[in-house]
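Provided below are the primary sequence and the corresponding predicted coordinates.
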Amino acid sequence: MVCAAIAALLFGAVLSRAQATPEILSSSPVYREVTDEAGRSVRVPQPVRRIVSLAPSLTETVYALGLQDHLVGDTDYCDYPEDAQKKTKVGGAINPSLEQIVALHPDLVLVTKGLNRLETVHSLDALGISSYATDPHTVDEIITSSKKLADVLGVPEAGASVVGDMQHRLAELQQRVGALPAKRVLFVVWTQPLISIGKDTFIADALRRAGAVSVVDSAQSWPQVNLEEVALLQPDFLVFAESHSEAAPSAVEGLANLPAWRILTAVSNHRYAVISDAVNRPAPRIVTAIEDLARQLHPDAFVEKPDSNQKKMDKENLPENQRPSLHTSLQRDDLKNGLLDRGGCACTL
Amino acid sequence: MHPLTFRRLFLQCSILLVVLFFVVVVALKFGAVPVSLYALGRDLFRVIFGQSRQISSDYGLIVVNIRLPRILLGIIVGASLSVAGTSFQALLRNPLADPYVLGVSSGAALGAILALIAQPYLTVSPAFAALLTPMGAFLGAAATIAAVYFLGRREGQIDSTTLLLAGVITASFLSAVIMFLMTTLAGSNLRGIAFWLMGDLSTSLQKSVYWFLGVGFCVAAGAIYTTAADLNLLLAGEKEAMHLGVDVPRVRLVVYIAASLLTGLAVSVSGAVGYVGLIVPHIMRLIFGSDHRTLLPTAALGGAIAVVFADTLARTVVAPAELPVGAVTAIAGAPLFIYLLRRKLS
């Protein structure tokens, strides 16, 4: 016991000396004070030359802003664009290695409140490493968040251009599907157990932008949903994000073989929409996923005909089962085409 | 039982201190970022002789400000859990007694979760907010200990079987409450809880917390050590001990409170690092015998070695990502426990 006490005291003394002089790595003398989206005041070295991203969405945003050469580290899950996989990995978003981050000498570490742990931020603070947090909850906030991040990173022009493109494409989408009756969908995050999304998530907002509405109305971000309840709500479509292993086409089709799932008419009628996993990431690429979903759910709105009455016809859309049969089969073909074209965004424009 | 000689105590502790030293060196050297032994020695030399300003390399920052505090935390947590386990096993005369079986870890976890839930509604300074989770965990542990102590009494006396059962039931009840909160409450702050429930040493703490832990450990472990000779007699049975002049109720109260304090301290900073309090005392008993005057110090050192070593594995096996240290202690601890048990039987 005495030995243990002495050892503990010895280490205590060593530690107290060590921590009395925290080393700040950055040699940049110029700092800019900004307030991040978690409401913290952050000292950002100017210019920001070395960035570590702790979330796939932030990595994508950094690439979208053309700052990939300044990105010196990211997480194991940062897989888009492909080049991001080659960056030095600092571990997962929830359990990154602090020492690996320190060794990369970052000027700024990017975190997002929806994914990273508060403890990580506290630890970085204790090491004298600046971290900037984003916290978007809607598509609009993704836009403002990207713009603000571009300013913080010193590339406001790139930010304006990225944001301008997002806004332009969303406005165009709004014109096409905004007035159509929204499709009622179930966004499937996980099938066993069934996890969907809450109404206050950016994914729910993304669905609204695509002319869809989630049938799940929960205040939780990732609610576990009872299949019976979904059967009562009978969504028109099931929406899956692609990267998910369970959303592989065969797995999606396999749901129709499960008796519990067959009670959903969307399952028995094979009415699925599979979109890119970009929908799960609050980054500029989410617009592509939104366009893709809109195309699959509202194929008519994307059929260009010389006849300018097309839009009017769509607005007068009858509920599906009351349509003339010819129209229905036509729509199915369009849906098929839409699925084939998935991923390309300028195909029918 | 051998008579206690300082020579024997000194010898046993020295052996374990040497092992601990090597484990600490290994823990300092290995991690996600490679550090050479030379740089390690140089930096440590500078730290010890007050020249930490000269450490300009980031390796120094990594070793001194990330790995060293973490190792220190591992030492305190391991020693606390192991001493608490040894005391509970002696006190309850039950080889299965351990802080986790008694529900303390679940209580601490619930306290931490409640603190996380309350955090957004409280307007406190960021420095204080960082302390909220450990404080909640400590209060949860203390409240659980009090509740289990109360439930475990029968006709005003502590009954070891009733106490263990009360602990087991309280633990599963609190785990259910935790599951309920985690599934019903929205809030991204709870994402760290899963890691925390498995035991995790990665969070960096303020310096004052280390002093608090160190002083708390010395006081509580010291209090338990004053009863070491009485604990030996208690092994023969409570009545026998009483006839031999042991003030059994006093010993029980002192050890119970002190061991609970140790557990609360450990859980409040590291979460639920399982198996250490159960297995390390058994290993030390097999190696050094069951005289509590030597068992308590050796168990403290053994616990420190076990947790520091397990945490080194947790940091390096899937580097640069990290495992919760509790996963490592459980994976390594359970088979080891079975092995020791079988060997002892045969």
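Nice, thanks for sending it over.

which ones are touching residue 41?
I went with chain A, as the question did not name one. By Cβ atoms under 8 Å, 6 or more residues apart in numbering or on different chains, the contact set of residue A:41 is A:33-35. For glycine as for every other residue, the C-beta is placed from the backbone atoms N, C-alpha and C.

separation between the spatially most central residue of chain B and residue B:295?
What sits nearest the mean C-alpha location of chain B, by Cα atoms, centre = their mean, is residue B:81, with 2.8 Å. When distance is defined by Cβ to Cβ, to the nearest Å, residue B:81 is 15 Å away from residue B:295.

Low-confidence bits of the stretch 201-346 of chain B, can you list those?
Scanning the stretch 201-346 of chain B for pLDDT under 70 picks out B:344-346.

residues from it in reach of chain A?
Neighbours of chain A within the stretch 201-346 of chain B, by Cβ under 8 Å from any Cβ of the partner chain: B:202-204, B:206-207, B:210-211, B:214, B:217-218, B:221-222, B:225, B:296-297, B:300-301, B:304, B:315, B:319-323.

hmm, stretch A:220-232 in reach of chain B?
Yes: using Cβ under 8 Å from any Cβ, we find that stretch A:220-232 touches chain B at A:220-221, A:224.

For the helix or strand harbouring residue B:40, buried residues please.
Assessed by DSSP states H and E, residue B:40 sits inside helix B:37-48. Judged by neighbour count using 16 or more other Cβ atoms under 10 Å in any protein chain shown, the buried positions of helix B:37-48 are B:39-40, B:42-44, B:46-47.

Could you see whether chain A lies near that helix?
Yes: contact of helix B:37-48 with chain A (Cβ under 8 Å from any Cβ) involves B:47-48.

pLDDT on stretch B:111-118, on average?
Confidence over stretch B:111-118 (mean pLDDT, whole number) is 81.

Give the other helices and strands that the helix holding residue B:40 contacts.
Contacts defined by 3 or more Cβ pairs under 8 Å, 6 or more residues apart in numbering or on different chains; DSSP states H and E place helix B:37-48 against helix A:2-20, helix B:6-29, helix B:58-60.

Count the neighbours of residue B:317 for me.
When neighbours are defined as other Cβ atoms under 10 Å in any protein chain shown, residue B:317 has 12 of them.

Likewise for the one 4 residues further on?
With neighbours defined by other Cβ under 10 Å, the count for residue B:321 comes to 20.

dump the residue contacts of the residue nearest to it when sequence neighbours are not counted.
Once flanking residues are discounted, residue B:321 sits nearest to residue A:91: 3.7 Å by Cβ to Cβ, 6 or more residues apart in numbering or on different chains. Counting by Cβ under 8 Å, 6+ apart, residue A:91 makes contact with A:75-76, A:97, A:100, B:32, B:319-322.

Make sure residue B:16 is actually in contact with residue B:299.
No: taking contacts as Cβ atoms under 8 Å, residue B:16 lies outside contact range of residue B:299: 9.6 Å.

So between those two, which is more surrounded?
residue B:299 (34 against 24).

Could you give the separation of the host helix or strand of that one from the chain centroid?
Take DSSP H and E as the rule and residue B:299 turns out to sit in helix B:292-316. Here helix B:292-316 is found 9 Å from its chain centre; the criterion is Cα atoms, centre = their mean, to the nearest Å.

Tell me the helices and strands packed up against it.
Looks like helix B:292-316 contacts helix A:2-20, helix B:6-29, helix B:68-92, helix B:207-225, helix B:228-234, helix B:276-288, helix B:325-345 (3+ Cβ pairs under 8 Å, 6+ apart).

Buried deepest among those, which one?
Mean neighbours per residue, mean count of other Cβ atoms under 10 Å in any protein chain shown, is largest over the helices and strands packed on helix B:292-316 for helix B:68-92, with a mean of 29.

Please find the angle between the direction vectors of that one and helix B:276-288.
Relative orientation of helix B:68-92 and helix B:276-288, computed by axes from the mean of the first three to the mean of the last three Cα atoms, to 10 degrees: 80 degrees.

immediately after helix B:68-92, which helix or strand?
helix B:104-118.

Report the angle between that following helix and helix B:68-92.
130 degrees.

Mind pulling up the pLDDT for residue A:220?
pLDDT, read off for residue A:220, is 79.

Now do the strands for the stretch 1-150 of chain A: every range, in order, please.
Secondary structure of the stretch 1-150 of chain A (DSSP state E, counting those that start in this stretch): strands at A:31-35, A:41-45, A:51-53, A:71-74, A:88-89, A:108-112, A:131-134.

Compare those and give me the one nearest residue B:332.
Nearest to residue B:332 among the strands of the stretch 1-150 of chain A is strand A:88-89 (26.0 Å), distances taken as Cβ to Cβ.

what's that closest one packed up against?
Here strand A:88-89 touches strand A:71-74, going by 3+ Cβ pairs under 8 Å, 6+ apart.

neighbouring contacts of the strand it packs on?
With Cβ under 8 Å, 6+ apart as the test, strand A:71-74 has contacts from A:50-54, A:56, A:59, A:62-63, A:84, A:87-90, A:100-101, A:104-106.

out of the residues you listed, which are buried?
A:50-54, A:56, A:59, A:62-63, A:84, A:87, A:89-90, A:100-101, A:104-106.

Tell me the buried residues in the helix or strand residue B:162 falls within?
Element membership for residue B:162, per DSSP H and E: helix B:160-184. Judged by neighbour count using 16+ other Cβ under 10 Å, the buried positions of helix B:160-184 are B:160, B:163-164, B:166-168, B:170-171, B:174-175, B:178, B:181.

and which of those residues is nearest chain A?
Nearest to chain A out of these is residue B:181 (Cβ to the nearest Cβ; 12.1 Å).

quick one: that closest one and residue A:115, what's the gap?
Note on residue B:181: its distance to residue A:115, by Cβ to Cβ, is 21 Å.

Rebuild the helices and strands packed on helix B:292-316 as TSV, extending it with distance to residue A:159.
Output for the helices and strands packed on helix B:292-316, formatted as TSV (distance: least, Cβ to Cβ, whole Å):
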stretch	distance to residue A:159
helix A:2-20	38
helix B:6-29	43
helix B:68-92	38
helix B:207-225	40
helix B:228-234	67
helix B:276-288	50
helix B:325-345	41
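
circling back: of the buried residues of helix B:37-48, just say which sits nearest to chain A.
Nearest member of those to chain A, counting by Cβ to the nearest Cβ, is residue B:47, at 5.2 Å.

Check whether that closest one really touches residue B:64, as I assumed.
Yes: here residue B:47 lies in contact with residue B:64, judged by Cβ under 8 Å, at a distance of 5.8 Å.

picking up where we left off before, now the helix holding residue B:40: mean pLDDT?
Here the average pLDDT along helix B:37-48 is 77.

Read off the pLDDT value for the residue nearest to residue A:154 when sequence neighbours are not counted.
What sits nearest to residue A:154 in space, not counting adjacent residues and going by Cβ to Cβ, 6+ apart, is residue A:47, at 5.2 Å. pLDDT for residue A:47: 88.

which outside residues touch whatever helix or strand residue A:294 lives in?
Element membership for residue A:294 (DSSP H and E) is helix A:286-297. Here helix A:286-297 makes contact (Cβ under 8 Å, 6+ apart) with A:139, A:142, A:165-166, A:169-170, A:173, A:176-177, A:183, A:185, A:202, A:206-207, A:209-212, A:237, A:239, A:241, A:273, A:275-279, A:301-302, A:335, A:338-339, A:341-343, A:345.
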